[in-house]
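Undergrad: Here is a sequence together with a model predicted from it:
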Amino acid sequence: MNETLQQFWRARLPRERAILAGGGTLVLVVFLYLYIWAPMVKARARLRTALPVLVAQAQAVRHEEKAVLALKSSAPVASISQAQLQSAISQSARGAGLTLGAVIPEGSGALTVRFASVPFDDWIRWLGRLQRRFGIRVKRAQVRPAGPPGWVSVDVSLAAPEVDAQ
């Protein structure tokens with residue numbers, strides 16, 4: 001193959017060689033621009049616009065980390081009995097406008113709470129309030145879509161702090 005190319009090159013007149021070399025150089029330059037330089041410039045511009053967003057997200061994560069560490073270091077919540085747990089769950093659900101389907105005691109001192117159909121966002125806010133106010137933790141949860149978008153059917157096992165720690 002190499003010999004064939006050399007024969008082809010030698011058979012060309014100097015003017016033809018100059019045209020072929022110039023054309024080859026032009027093709028190489030266009031190839032390098034289209035497949036190396038232009039994609040690098042586009043990627044650089046994309047990264048330049050994405051960097052401030054990523055920096056802001058990193059700062060938000062650091063801020064959230066500080067909040068989590070502050071919550072972890074806060075005083076532990078007093079332990080509550082299963083009856084107090086059930087009362088706290090029922091009262092806070094009523095206060096949040098959520099309708100409990102059933103509250104079933106578990107042998108471990110936890111309670112399984114069922115909701116037939118609740119707005120997911122309201123249910124999550126309610127769980128957050130339970131955790132902040134009483135230290136109640138979710139042991140397990142089963143969430144399924146129910147009805148219109150954003151509504152769910154929930155079976156959740158909730159435990160007081162001392163039950164969760166076991």
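TA: In hand now; what should we look at?
Undergrad: Count the residues that sit near residue 96.
TA: 15 (other C-beta atoms under 10 Å). For glycine as for every other residue, the C-beta is placed from the backbone atoms N, C-alpha and C.
Undergrad: for this structure, longest helix please?
TA: The longest helix of the chain (DSSP state H) is helix 38-73.
Undergrad: distance between that helix and the chain's centre?
TA: Put simply, helix 38-73 sits 14 Å off its chain's centre (C-alpha atoms, centre = their mean, to the nearest Å).
Undergrad: wait, isn't residue 97 in contact with residue 122?
TA: Yes - under the criterion of C-beta atoms under 8 Å, residue 97 makes contact with residue 122 at 6.9 Å.
Undergrad: Those two: which has the busier surroundings?
TA: Using other C-beta under 10 Å as the criterion, residue 97 and residue 122 rank with residue 122 on top: 15 against 10.
Undergrad: contacting residues for the more buried one?
TA: 96, 97, 98 (C-beta atoms under 8 Å, 6 or more residues apart in numbering).
Undergrad: swap in residue 60?
TA: Taking C-beta under 8 Å, 6+ apart as the test, residue 60 contacts no residue whatsoever.
Undergrad: Sketch out the low-pLDDT regions of the chain for me.
TA: Along the chain, the model assigns pLDDT under 70 to residues 73-80, 162-166.
Undergrad: Mind exporting the C-alpha coordinates of stretch 34-45 to CSV?
TA: What follows is stretch 34-45, C-alpha atoms only, in CSV (Å, rounded to 0.1, in the frame of the first residue of the first chain):
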residue,chain,number,x,y,z
LEU,A,34,-15.5,20.6,13.1
TYR,A,35,-14.6,17.6,15.2
ILE,A,36,-12.2,19.0,17.8
TRP,A,37,-12.2,22.8,18.1
ALA,A,38,-15.9,23.6,17.7
PRO,A,39,-17.1,21.0,20.2
MET,A,40,-14.6,22.2,22.7
VAL,A,41,-15.8,25.8,22.3
LYS,A,42,-19.4,24.7,22.7
ALA,A,43,-18.6,22.6,25.8
ARG,A,44,-16.6,25.4,27.3
ALA,A,45,-19.6,27.8,26.8
